[in-house]
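Colleague: Could you look at this predicted model? Sequence included:
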Amino acid sequence: MAAILVVEAEAVIAHDLARLIRQMGHTVDSAHSGEDALRTAEAGHPDLVIMDIGLQGQLNAIETATVLKEKFAVPVIYVIAHGMVVCGDPLSSGGHFGAVATGTPDDQAAQECRGLAKKVVMLATKLHSG
């Protein structure tokens, strides 16, 4: 079982992600800003962070992920809304783990998203542990 930190400004999305992750048997903490994510990580030392790439505030997603990686050596997966694709500089410059596209899925897409989420969490946990 892994400890996962979900960093998402939108409460509904954060709740859905947390529910999915708990159903897979992992523990979940949530944060709604970069600053909140750093405080939560300090208290809980997550094995994996799933972060909204569009996070805004004093610390954006890339800045927050960079601090999390430096301070806690934790892998970060970015969640990208509405099928956007991010490659190159934002991900490679920070040495972060990867990106997952989301949207408003129908039943089949929701099933595919759950399967993908399961694989991503398992892979990232495996990579982080060793």
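Modeller: That came through, no problem. Residues are numbered from 1 along each chain as shown.
Colleague: Provide the backbone phi and psi angles at Gln56.
Modeller: Here is the backbone geometry of Gln56 (degrees, to the nearest 10): phi -120, psi 170.
Colleague: Return the residues in contact with the nearest residue to it once chain neighbours are set aside.
Modeller: Excluding its sequence neighbours, the residue lying closest to Gln56 (C-beta to C-beta, 6 or more residues apart in numbering) is Ala9, at 6.9 Å. Glycine gets a C-beta too; all of them are placed from N, C-alpha and C. For Ala9, the contact set (C-beta atoms under 8 Å, 6 or more residues apart in numbering) comprises His32, Ser33, Asp52, Gly54, Leu55, Gln56, Gly57.
Colleague: Among the residues you listed, name the buried ones.
Modeller: For these, a burial check counting by 16 or more other C-beta atoms under 10 Å picks out His32, Ser33, Asp52, Gly54, Leu55.
Colleague: Just give the closest residue to the third one, not the sequence neighbours.
Modeller: Once flanking residues are discounted, Asp52 sits nearest to Glu8: 4.6 Å by C-beta to C-beta, 6+ apart.
Colleague: That neighbour: how many residues sit nearby?
Modeller: 23 (other C-beta atoms under 10 Å).
Colleague: For it, give me its contacts.
Modeller: Ala14, Leu17, Ser30, His32, Ile50, Met51, Asp52, Leu55, Val79.
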